[in-house]
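J.: Show me the folded form of this:
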Amino acid sequence: MTDDDLSTTAAMQDQVTGVPAARNGYEKVPAELELGRCARLAERDLSMNRNQLIQQTTVESQALEHVTRALEVILGWTSEGHDISRKLSSVRFYTELYQRHLERLFALEEVEGYMETISSLKPELANQVDDLKREHEEFRAAVRRSVVRIDLASPTQLVQFDATCDKLRVTINQVLEHIRRENELLVESMQQDTGGEG
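T.: Numbers count the residues shown, from 1 in each chain. Down below sits the predicted model:
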């Protein structure tokens, strides 16, 4: 490689990174410039990852919304007579599906998802994030209890089954309210991050 090739390569690096490149193999870039370059590259990667996380969380949230609608319809079925075996089977299937999607969404939010991002970029919102995380645990426990009750339900125990369905409806409504508040927090953090109102 000639000196001209090195100069051209160094100039291209300057344009891409915004940091003057070493002009030969022996020059060192000042530490503060190297740190600045690393920070800009990390910020760019974080921005790309943040957008991917938001998209994935949005998709999972939409999937949960569809399962929720189906479960609400099934919970609203009226059974003829005292035999609830068909409704019980459908409620069992959709409640387990609901649990899996809810767990997936919460895991995405908590592990390298928006919760970690907001807490690190906007420490002033960390208390709200912590409150939402605590609610995740409460919802996980409530849905697990519903799954167990439904698994143990007998097709002839209409009163107990209806009570379990009512508790599940309450949990579903609380989760929907929780998701609404999460979305508001996301919007608030993004508006602050981009200099918008908030």
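J.: Of all the residues in the helix or strand that contains residue 159, which ones are buried?
T.: Secondary structure assigned from DSSP states H and E places residue 159 in helix 158-193. Going by neighbour count (16 or more other C-beta atoms under 10 Å), the buried part of helix 158-193 is 158, 161, 164-165, 168, 171-172, 175, 178-179, 182, 185-186, 188-190, 192. C-beta here means a position set from N, CA and C on the backbone, and glycine is covered the same way.
J.: can you check stretch 111-129 too?
T.: 113, 114, 115, 117, 118, 119, 122, 125, 128, 129.
J.: Please read off the pLDDT at the second one from the model.
T.: On pLDDT, residue 114 comes in at 78.
J.: now the helices for the chain?
T.: 3-17, 31-75, 85-110, 114-121, 126-152, 158-193 (DSSP state H).
J.: Can you flag the weakest of those helices by average pLDDT?
T.: helix 3-17 (a mean of 47).
J.: nearest to residue 139, of the buried residues of stretch 111-129?
T.: Among these, residue 115 lies closest to residue 139 (C-beta to C-beta), at 14.4 Å.
J.: Quick check, central residue of the chain?
T.: When the chain is reduced to its mean C-alpha position, the nearest residue by C-alpha atoms, centre = their mean turns out to be residue 109, at 2.8 Å.
J.: OK, contacts around the residue nearest to it when sequence neighbours are not counted?
T.: Using C-beta to C-beta, 6 or more residues apart in numbering and skipping residues adjacent in sequence, the residue nearest residue 109 is residue 115, 5.3 Å away. When contacts are counted by C-beta atoms under 8 Å, 6 or more residues apart in numbering, residue 115 touches 109, 129, 132, 133.
J.: Phi and psi next, for residue 80.
T.: According to degrees, to the nearest 10, the main-chain angles of residue 80 amount to phi -90, psi 130.
J.: and what of the one 3 residues further on?
T.: Main-chain dihedrals, residue 83, degrees, to the nearest 10: phi -90, psi 120.
J.: What's the local residue count around it?
T.: Using other C-beta atoms under 10 Å, residue 83 is surrounded by 12 other residues.
J.: quick one, what contacts it?
T.: The contact partners of residue 83, by C-beta under 8 Å, 6+ apart, come to 155, 156.
J.: try 10 Å this time
T.: By C-beta atoms under 10 Å, 6 or more residues apart in numbering, the contact list for residue 83 reads 155, 156, 158.
J.: How about residue 109?
T.: 53, 57, 60-61, 115-118, 129, 132-133, 136, 179, 182, 186.
J.: which among those residues gets closest to residue 76?
T.: Nearest to residue 76, judged by C-beta to C-beta, of the contacts of residue 109 is residue 179 at 20.7 Å.
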